[in-house]
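J.: Coordinates only, no sequence provided:
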Ligand SMILES: N[C@@H](CCC(=O)N[C@@H](CS)C(=O)NCC(=O)O)C(=O)O
């Protein structure tokens with residue numbers, strides 16, 4: 001684990017903390033879009049995704065690549081699950097897909113190639129442009145919106161997961177889910193004080209209760225149709241019982257204890273192409289193995305036994 005300072009990799013401890021032992025996530029820095037006539041134009045074969053199968057933010061982008069049928073248009077490299085001194089890297093391992101685009105052995109080389117003076121965190125996902133040799137975007141919330149529509153004219157699969165009539169509601173749900181759940185699990189897990197932990201974990205379970213009530217009334221977060229908001233929730237829910245419940249001490253309840261949330265999770269997991277984006281082996285080995293301050297032995301639990309194949313009852317279709 002580490003960060004870059006003026007283009008040079010520096011090793012540092014995982015889970016950088018701020019005031020009062022609170023975990024603080026830093027802003028991402030490459031924020032371009034893909035649009036006809038722009039610096040980054042839509043083109044089949046031009047873009048490449050760097051992901052970790054363990055990472056919930058990277059997982060969103062793999063899901064959108066699958067939803068939009070972009071597998072042949074956008075290539076992918078998958079990092080090793082273990083984030084050690086070199087950060088995300090391509091050491092050989094089960095499910096690792098090496099970097100055939102830049103031949104990098106670690107992700108910090110990709111950031112240095114995009115900007116030789118880059119300072120900041122080296123995170124996944126990264127959307128890379130093979131034509132200019134640079135990073136288009138490294139913010140998953142923006143990458144999934146790019147994938148949702150930028151390749152439609154080139155033959156991407158139909159389906160708008162961020163439809164105009166539902167945008168305000170999607171944003172409102174995203175805001176709460178991001179703050180208390182997607183990022184809330186990290187705030188609970190990386191807290192260095194009892195107060196910082198409780199400050200994160202209490203609202204986290206309030207949000208799960210709120211979501212359970214919502215999903216008991218309607219199949220998806222914004223009504224009858226699945227949207228981006230459901231997929232953003234899904235990447236946290238699918239990791240919850242396997243990693244966050246134990247490793248990050250989010251253990252008031254499990255997702256399998258919430259009938260509607262568990263059904264929602266299984267329904268999304270069973271949607272075409274999605275199960276192939278989920279790797280619980282990478283997920284468990286990454287979390288339990290990469291955070292020595294949280295789990296010094298690095299021992300990975302064998303459970304839980306999750307029946308992800310029990311049929312979900314919600315039919316996953318976008319509005320548009
Ligand atoms: N805002 C970013 C966050 C991505 C992120 O934090 N990814 C984690 C992996 S789950 C990472 O790469 N962390 C490495 C680090 O912070 O050094 C996004 O959503 O794309």
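T.: That came through fine. Worth saying up front: this structure is predicted, and the values here are computed from it rather than measured. Numbers count the residues shown, from 1 in each chain.

J.: Show me where the stretch 1-150 of the chain has its helices.
T.: 56-67, 107-114, 140-149 (DSSP state H, counting those that start in this stretch).

J.: now these as CSV including mean neighbour count?
T.: In short, each C-beta sits where N, CA and C put it, glycine included. Listed next are the helices of the stretch 1-150 of the chain as CSV, based on neighbours: other C-beta atoms under 10 Å:
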stretch, mean neighbour count
helix 56-67, 25
helix 107-114, 21
helix 140-149, 21
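
J.: Could you pull up the residues touching residue 214?
T.: By C-beta atoms under 8 Å, 6 or more residues apart in numbering, residue 214 lies in contact with residue 221.

J.: Next, it: secondary structure please.
T.: Classification of residue 214 by DSSP: H, G, I helix; E, B strand; the rest coil places it in helix.

J.: Tell me the residues of the stretch 101-250 of the chain that contact the ligand?
T.: By C-beta under 6 Å from any ligand atom, the part of the stretch 101-250 of the chain that sits against the ligand consists of 121, 122, 123, 124, 125, 138, 139, 140, 141.

J.: Identify, from the residues you listed, the entry nearest to residue 310.
T.: Closest approach between those and residue 310, by C-beta to C-beta: residue 140, at 28.7 Å.

J.: Tell me which residues touch residue 210, please.
T.: The contact partners of residue 210, by C-beta under 8 Å, 6+ apart, come to residue 176.

J.: actually residue 107, not the one I wrote
T.: Taking C-beta under 8 Å, 6+ apart, we find residue 107 in contact with 50, 79, 87, 88, 89, 122, 124, 126.

J.: Now, those residues that are in strands?
T.: 50, 126 (DSSP state E).

J.: right, and the pair among the contacts of residue 107 with maximum separation?
T.: Greatest spatial distance among the contacts of residue 107 (C-beta to C-beta): 89 and 126, at 13.5 Å.

J.: Of these two, which one has the most company?
T.: Shown here are residue 89 and residue 126; by other C-beta atoms under 10 Å, residue 126 has more neighbours (27 against 20).

J.: Could you tell me the model confidence score at the more buried one?
T.: Looking at residue 126, its pLDDT is 98.

J.: go on, the one 10 residues further on?
T.: Each residue has a pLDDT score; the one for residue 136 is 98.

J.: right, and it touches residue 32 too?
T.: Yes: in this structure, residue 136 is within contact of residue 32 by C-beta atoms under 8 Å, at 4.9 Å.

J.: Name the residue in the two with the higher neighbour count.
T.: Between residue 136 and residue 32, counted using other C-beta under 10 Å, the more crowded position is residue 136 (23 against 17).

J.: how much space is there between the more buried one and residue 117?
T.: 19 Å (C-beta to C-beta, to the nearest Å).

J.: One more: residue 129?
T.: Residue 129 is 19 Å from residue 117, where distance means C-beta to C-beta.

J.: The closest residue to the ligand within the stretch 201-320 of the chain - how many residues pack around it?
T.: At 8.2 Å from the ligand, residue 286 is the closest residue in the stretch 201-320 of the chain, using C-beta to the nearest ligand atom. When neighbours are counted by other C-beta under 10 Å, residue 286 registers 25.

J.: confidence score at it?
T.: Looking at residue 286, its pLDDT stands at 98.

J.: In contact with the residue lying closest to residue 71 once chain neighbours are set aside, which residues?
T.: Excluding the flanking residues, the one nearest residue 71 by C-beta to C-beta, 6 or more residues apart in numbering is residue 65, at 6.5 Å. Taking C-beta under 8 Å, 6+ apart, we find residue 65 in contact with 49, 71, 74, 76, 147.
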